[in-house]
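> Based on what follows, work out the 3D shape:
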Amino acid sequence: MTSASQQCRATLPWEIHPALTADRLAVCARLLASARRDAFAMASYELGDDPWSVGCRAYSFGRRRLARAAQSGQHNWLGILDDTHHFVFLIEDVPVRFYRGLAEEPSGRTLRRAQDEANQLSLALGEEAAAGLIFRLALETASSGEVQRVVFLALRGEEGKAECVWPVPLTQPRCAATSEGPIQLGLLPEDGSRAPGHDAPLGRREPRAAAPGGRERRPRVTPGSVGII
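Modelled structure (predicted):
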């Protein structure tokens with residue numbers, strides 16, 4: 001793969017296709033990061049888990065987290081093209097895959113593209129623009145398994161020539177009225193959303209209503225609406 005320092009840094013995802021906006025890529029990156037964190041939190045090395053088994057679980061969790069978000073209908077731009085182990089998701093009509101590893105060191109397996117993915121990309125970009133092109137999200141992790149960075153990649157050809165290397169921001173600025181600096185986006189909600197003005201991630205809850213006798217009725221949490229802590 002061509003080094004990131006050798007490729008054109010000015011190229012941005014949405015310049016390749018308008019569907020690949022910063023907000024949409026950030027939603028996908030947060031879903032994948034939270035899924036991986038949950039997989040490592042559930043690992044039981046005493047019972048036999050090892051890096052391979054936890055890595056497989058993390059990949060499966062990431063697939064499921066994206067699929068659930070797509071099925072929820074909250075993000076009408078998110079879809080699934082291939083729900084097998086060769087998982088491909090869609091941002092509008094643009095196919096994307098994800099992998100764990102360094103953005104500058106994709107493996108041959110990472111660079112391989114399925115026929116359905118190639119066909120879909122041709123529909124989205126046109127045959128000439130899509131020739132040999134793939135889109136990937138690289139999840140760069142620490143030795144502990146925690147996601148440190150997510151990078152969007154546009155790679156072309158068998159050697160994986162980089163045409164776009166764009167780190168997906170996982171932070172957002174505070175209100176202009178404050179000077180406390182950026183805050184980390186919540187990673188737990190499976191739908192990739194967060195409540196404005198709140199640092200802690202929240203599940204989808206029904207509004208509170210007064211119970212008979214004036215006592216406050218506790219909110220009912222929709223099953224499966226909150227990620228694993």
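> quick one: the strands in this protein?
78-82, 88-91, 94-100, 133-141, 147-156, 161-167, 171-172, 183-184 (DSSP state E).
> and those strands as a markdown table, adding mean neighbour count, mean pLDDT and distance to Thr110?
Every residue, glycine included, has its C-beta placed from N, CA and C. Output for the strands of the chain, formatted as a markdown table (neighbours: other Cβ atoms under 10 Å; pLDDT from 0 to 100; distance: least, Cβ to Cβ, whole Å):
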| stretch | mean neighbour count | mean pLDDT | distance to Thr110 |
| --- | --- | --- | --- |
| strand 78-82 | 18 | 96 | 15 |
| strand 88-91 | 22 | 97 | 13 |
| strand 94-100 | 21 | 96 | 5 |
| strand 133-141 | 21 | 95 | 6 |
| strand 147-156 | 21 | 95 | 8 |
| strand 161-167 | 19 | 95 | 13 |
| strand 171-172 | 12 | 60 | 26 |
| strand 183-184 | 10 | 36 | 27 |
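> can I get those strands in JSON lines with distance to Ser122?
Compiled in JSON lines, the strands of the chain are given as follows (distance: least, Cβ to Cβ, whole Å):
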{"stretch": "strand 78-82", "distance to Ser122": "13"}
{"stretch": "strand 88-91", "distance to Ser122": "14"}
{"stretch": "strand 94-100", "distance to Ser122": "10"}
{"stretch": "strand 133-141", "distance to Ser122": "9"}
{"stretch": "strand 147-156", "distance to Ser122": "14"}
{"stretch": "strand 161-167", "distance to Ser122": "16"}
{"stretch": "strand 171-172", "distance to Ser122": "35"}
{"stretch": "strand 183-184", "distance to Ser122": "38"}
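> Compare the ones you listed and give me the one nearest Gly55.
Nearest of those to Gly55, taken as Cβ to Cβ: strand 94-100 at 6.8 Å.
> And the contacts of the closest one?
With contact meaning Cβ atoms under 8 Å, 6 or more residues apart in numbering, strand 94-100 is reached by 17, 19-20, 28, 32, 36, 55, 58-59, 62, 81, 86-90, 106-107, 110, 116-117, 120-121, 124-125, 134-141.
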